[in-house]
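Trainee: I'd like to go over a predicted model; first the sequence, then the structure.
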Amino acid sequence: MTASVAADDAHAASAAPAPALKVSLGGVRLERLRTGSIDEVLYMVPGLEGDPTELTALAAALAGPQGVYAVAPLPEDCDRQPVTSVERMAELTVAAIREMQPDGPYRLGGYSFGALVALEAAQQMRAAGDAVEPLILVEAVFDERYWPRGTWLRALATRTARQLLRIVRMPPRQAVREFRVRSGRLIQRVIRRNVDAPDGLTVDAPDATVMGVIARSAFGAYRPRFYPGPITLIASSIDRHFGCDTALLWRGYAQHLEIHRIEGDHLTVMHDAASAAAVANVIDHRLALARPGWSGVRPTPGFQRPMILTTMRWFSAARLAHALAESGFAVSACRPRGHVLELVDGLTSDHRLHRLRQLHSLASAIRVAKPDIVLCDDERALVLLRRLHARVHATDPQMAELIARSLGDVAAWPSIKSRTGLAREARALGIAAPDTAVIASADALAQWAADREPPIVLKTDGSWGGRGVAVVRDKEDLRDAWRAVSNPPRLSRAVKRMVFNLEAGGLASWLRRRRPTVNAQQFVYGREAIATVACVDGVVHALVCLEVVQASEARGPASVVRIINHPAMAEAARVLVGRFGISGFCGFDFILNEAGDARLLELNPRVTPTCHLLVEGDYQRARTIALFPAELVRDAESDAVGIVDVPTRAPALIRRGFEIADRQHRPVKLAVRRFVKRFSASRY
């Protein structure tokens, strides 16, 4: 999504005279790979051989306004002294960059071995008081002697197993020769692990360049140090060489480590067009985040360490977590087993929400993660957090204060939880809202509807996704509709949700015969619209108005939305956020009539499927967006089209999204869903 923003910025970039294409400065060769704004230049260090041409595919795929220079260390400095260490290469790199750009902030990056040079250059720049923003390491890996012991042992076992599997497939004589070679290297690795001498690992490379030989020696002698700043690490999702997830090697080496996965292999990531484009997409986004005009949500005091609390397996929670981690938030999660959040890289901590000990597991997660705000992903999460507040209110004031701030003004909770209370507050503030009332019985419903024309909508408090909603078009059906929405869930449905969805709430409601609070609301004709808001302590930080083009199902969540400019919706959202003191994310549902006037229907004081748009910063241009994977799951029964909102910088989430869509499109599920949709539409 942000690549298009960067492309728009590129058209507006200042056209400045380009520096020389190639120049050697004190033991470093600089080569311009991409002409762009002289006010924003990215310096990239190539890999082991020091060949700038391996970065050309990456430079061609970038879409932002930045210029790009390759900074390649040379075997000798300007005094013809050999350059044999990463530290010396970094020193010469810093001097060459400063000659090109005297003042910061400096934008540095590197690939493979070049990532180590870029890291050391950033260390030296920061030690000298210069600003480095960002530092981007692509497929960075350091000598295995400095890996954590457990990681090293697992990698050694994995590589050995791979080699043995390859050897047994060879002819006998070749297998014996290869076994001797690999055995020698295995012994060498074990010895090197316990020797502190700064030697390089012997590798046969008959076609290696002079720079390649020097770099291999420097690689073996370099041990990374803690970097007191943020690092953006781009790691391939395919391991063919190291026997481990190399991204995990960097945990604890940076003040903030942001991990991005891309499809590709270590040796081909810069040469394969698709992999290079994926790396370019991450770099474009990271550079856009660092610009002063970035419109996305940034970490602010009181909203820097969010914890996402979810009881449902909704994709939107993982999408938001990924966007927040990309933007520099320290994100943690408390989730049920098997949630897609497990695929999100960069979580500071990930905690299980136990089905049978929910309050205990949630309280433990909060104490470990120490969030500054808890973001509820669904209605049951809201109920769970309110229950925890009641439990710890007297025993743990600090946790109670955190929960109260996460859920808005405590005194306003009755209005936040109640559809009728919300409508009453809205009208008191001058916001148009339909007549709404709490209904206690079928007789009360008939009395309320006596002087009103149908359709009439019945909604239960705490329902979501179209559940607990009935549209009554004939007054003769009022009593049937009342029974349908006011009774506890049927035992069969409760057991099904417990067994297949691992949702215990329905069974608990059935056992306790707990009836929901039912609200009657005058039906409003028009088009559905949404205001999605990011806010802190009642102050709006970002807001987008959306018109629903297509829903995933009748009265269900949106699958296709259109960004619109609607000042009245935006103002209503701001007023209510301030009135209720809401922090985090929330969504307001509206209906737009033919004249475009908005009427408020309800408030979702939690994460909604469009919240990530505010974080990614690409929400200010009018266009139609097909939400991922909701648009894939939806039956193709309309011609609604738009830009598919694929999380291009999260390949694991893309794969899971397509898996979700594939499961939903199985013939039996399709038939059941279509039957339920027709039955629900024609029932009242």
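Mentor: Done, it's in. Numbers count the residues shown, from 1 in each chain.
Trainee: Dump the longest strand along the chain to CSV, restricted to CA.
Mentor: The residue-count maximum for a strand in the chain (DSSP state E) belongs to strand 539-551. Extracted in CSV, the C-alpha atoms of strand 539-551 (Å, rounded to 0.1, in the frame of the first residue of the first chain):
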residue,chain,number,x,y,z
VAL,A,539,-7.8,13.0,21.4
VAL,A,540,-8.0,11.8,17.8
HIS,A,541,-4.6,11.2,16.2
ALA,A,542,-5.8,9.8,12.9
LEU,A,543,-9.2,9.2,11.3
VAL,A,544,-10.5,7.9,8.0
CYS,A,545,-14.1,7.8,6.7
LEU,A,546,-15.1,4.8,4.6
GLU,A,547,-18.2,3.9,2.7
VAL,A,548,-19.0,0.2,2.6
VAL,A,549,-19.1,-1.0,-1.0
GLN,A,550,-19.5,-4.7,-0.2
ALA,A,551,-20.0,-6.7,2.9
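Trainee: need the contact list for Glu76.
Mentor: Going by C-beta atoms under 8 Å, 6 or more residues apart in numbering, Glu76 touches 27, 82-83. Using the backbone N, CA and C atoms, a C-beta is placed for each residue, glycine as well.
Trainee: just the strands in the stretch 201-350 of the chain please.
Mentor: For the stretch 201-350 of the chain, applying DSSP state E, counting those that start in this stretch gives strands covering 227-236, 254-262, 306-309, 332-335, 349-352.
Trainee: circling back to that earlier point, now for the contacts of Glu76, which sits with the most neighbours around it?
Mentor: Taking other C-beta atoms under 10 Å as the neighbour criterion, Gly27 ranks highest of the contacts of Glu76 with 23 neighbours.
Trainee: In contact with it, which residues?
Mentor: Residues near Gly27 by C-beta under 8 Å, 6+ apart: 73-74, 76-78, 83, 92, 96.
Trainee: just to revisit the earlier point, with mean pLDDT as added columns, please give the strands of the stretch 201-350 of the chain in CSV.
Mentor: Shown next, in CSV, are these (pLDDT from 0 to 100):
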stretch, mean pLDDT
strand 227-236, 92
strand 254-262, 89
strand 306-309, 98
strand 332-335, 96
strand 349-352, 95
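Trainee: Of all those strands, which one comes closest to Ala57?
Mentor: Closest to Ala57 of the strands of the stretch 201-350 of the chain, according to C-beta to C-beta: strand 254-262, at 13.1 Å.
Trainee: Which other helices and strands does that closest one contact?
Mentor: Judged by 3 or more C-beta pairs under 8 Å, 6 or more residues apart in numbering; DSSP states H and E, the packing partners of strand 254-262 are strand 227-236, helix 273-290, helix 315-326, helix 651-664.
Trainee: residue furthest from the geometric center of the chain?
Mentor: In the chain, the residue that sits farthest from the middle, by C-alpha atoms, centre = their mean, is Arg173; the gap is 51.6 Å.
Trainee: what two of the contacts of Gly27 are the furthest from one another?
Mentor: Of all pairs in those, the most separated under C-beta to C-beta is Glu76 and Ala96 at 14.1 Å.
Trainee: Just to check, Ile563 is in contact with Val548?
Mentor: No - the pair Ile563 / Val548 is not scored as a contact, 11.7 Å apart, by C-beta atoms under 8 Å.
Trainee: tell me which residues of the longest strand of the chain are tucked away?
Mentor: Neighbour-count burial for strand 539-551 flags 540, 542-551 (criterion: 16 or more other C-beta atoms under 10 Å).
Trainee: Between the residues you listed, which has the least confident prediction?
Mentor: On pLDDT alone, Ala551 ranks lowest of the buried residues of strand 539-551, at 81.
Trainee: For it, which non-adjacent residue is spatially closest?
Mentor: Closest residue to Ala551 apart from its sequence neighbours, by C-beta to C-beta, 6 or more residues apart in numbering: Ala558 at 5.5 Å.
Trainee: Relative to Arg182, how far out is Arg193?
Mentor: Noted for Arg193: a distance of 17 Å to Arg182, by C-beta to C-beta, to the nearest Å.
Trainee: Quick one: distance of the helix or strand containing Glu425 to the chain centre.
Mentor: Element membership for Glu425 (DSSP states H and E) is helix 419-428. Computed by C-alpha atoms, centre = their mean, to the nearest Å, the separation of helix 419-428 from the middle of its chain amounts to 34 Å.
Trainee: name the helices or strands packed onto that helix?
Mentor: Packed next to helix 419-428, using 3+ C-beta pairs under 8 Å, 6+ apart, are helix 413-417, strand 436-439, strand 518-522, helix 567-580, strand 598-604.
Trainee: can we see that at 7 Å?
Mentor: helix 413-417, strand 436-439, strand 598-604 (3 or more C-beta pairs under 7 Å, 6 or more residues apart in numbering; DSSP states H and E).
Trainee: Show me what the second one packs onto, helices and strands only.
Mentor: Under the contact definition 3+ C-beta pairs under 7 Å, 6+ apart, strand 436-439 sits against helix 419-428, helix 442-449, strand 518-522.
Trainee: Give the buried residues for the first one.
Mentor: Spelled out, it's helix 419-428. Buried, per 16+ other C-beta under 10 Å, within helix 419-428: 419-423, 425-426.
Trainee: thinking again about what came up before, pick the most deeply packed of the helices and strands packed on helix 419-428.
Mentor: Each of these was scored by mean neighbour count; the highest is strand 598-604, a mean of 22, by mean count of other C-beta atoms under 10 Å.
Trainee: got the angle for that strand vs helix 567-580?
Mentor: Our comparison of strand 598-604 with helix 567-580, counting by axes from the mean of the first three to the mean of the last three C-alpha atoms, to 10 degrees, yields an angle of 40 degrees.
Trainee: Please renumber the chain so that the first residue is 20 from this point on.
Mentor: I'll keep to 20 as the first residue from here, and by that count the last item is strand 617-623.
Trainee: I'd like the distance from strand 617-623 to the chain centre, please.
Mentor: 27 Å.
Trainee: Run me through the strand neighbours of that strand, direction for each.
Mentor: Strand 617-623 has the following strand partners under DSSP bridges: strand 603-611 (antiparallel).
Trainee: How is Ile549 assigned, secondary-structure-wise?
Mentor: strand (DSSP: H, G, I helix; E, B strand; the rest coil).
Trainee: Pairing partners for it in the sheet, please.
Mentor: Following DSSP bridges, Ile549 is listed with bridge partners Leu565, Asp608.
Trainee: and it, how many neighbours?
Mentor: Close neighbours of Ile549, defined as other C-beta under 10 Å, add up to 24.
Trainee: residues contacting it?
Mentor: Shown in contact with Ile549 (C-beta atoms under 7 Å, 6 or more residues apart in numbering): 565, 567, 577, 580, 606-608, 629.
Trainee: Just the pLDDT for it.
Mentor: pLDDT for Ile549: 96.
Trainee: That one and Leu407, how far apart?
Mentor: Applying C-beta to C-beta to Ile549 and Leu407 gives a distance of 29 Å.
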